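>>> sequence-free structure coming up:
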């Protein structure tokens, strides 16, 4: 079952932004070496892949928490997003 957030991530026409990161030269060189072996044309694409992979892992752990599963179930049953966000904030503050 795909969450709405994941469904949005799978669309190709998502808004993009440019960021600047400072990464050690040796790390960039290693990314450049590994990229073609993993089927990527460049190191930046490989880096984005690593970020996406880690993000999916962390999100799945977050969503597997009982409170997150409850919020998702309530969302499916039509509970307004504002109420769900308020409840989630209360849970985080507790």
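Received it, and whenever you're ready, just let me know what you need. Being a predicted model, the structure only gives us computed values, none of them experimental.

>>> roughly how far does the residue nearest the centre of the chain sit from residue 32?
The chain has residue 55 as the residue nearest its centroid, 3.8 Å off, counting by C-alpha atoms, centre = their mean. Relative to residue 32, residue 55 is positioned 22 Å away (C-beta to C-beta, to the nearest Å). Placement of C-beta: from N, CA and C, glycine included.

>>> which other helices and strands contact the helix or strand harbouring residue 72?
If you go by DSSP states H and E, residue 72 is part of helix 66-76. Packing partners of helix 66-76 (3 or more C-beta pairs under 8 Å, 6 or more residues apart in numbering; DSSP states H and E): helix 43-63, helix 81-93.

>>> can you count the residues close to residue 66?
Using other C-beta atoms under 10 Å, residue 66 has 7 neighbouring residues.

>>> pLDDT score assigned to it?
For residue 66, the model assigns a pLDDT of 79.

>>> now the one 3 residues further on
The predicted structure scores residue 69 at 78 on the pLDDT scale.

>>> what is the burial count for it?
11.

>>> kindly report the same for residue 93.
Neighbour tally, residue 93, other C-beta under 10 Å: 6.

>>> which residues touch it?
Contact analysis of residue 93 by C-beta atoms under 8 Å, 6 or more residues apart in numbering lists nothing.

>>> outline the domain layout of this protein.
When the chain is parsed with automatic domain parsing, its domains come out as 23-63, 65-94.

>>> where among those is average confidence lowest?
Note on the domains of the chain: lowest mean pLDDT is at domain 65-94, with a mean of 84.
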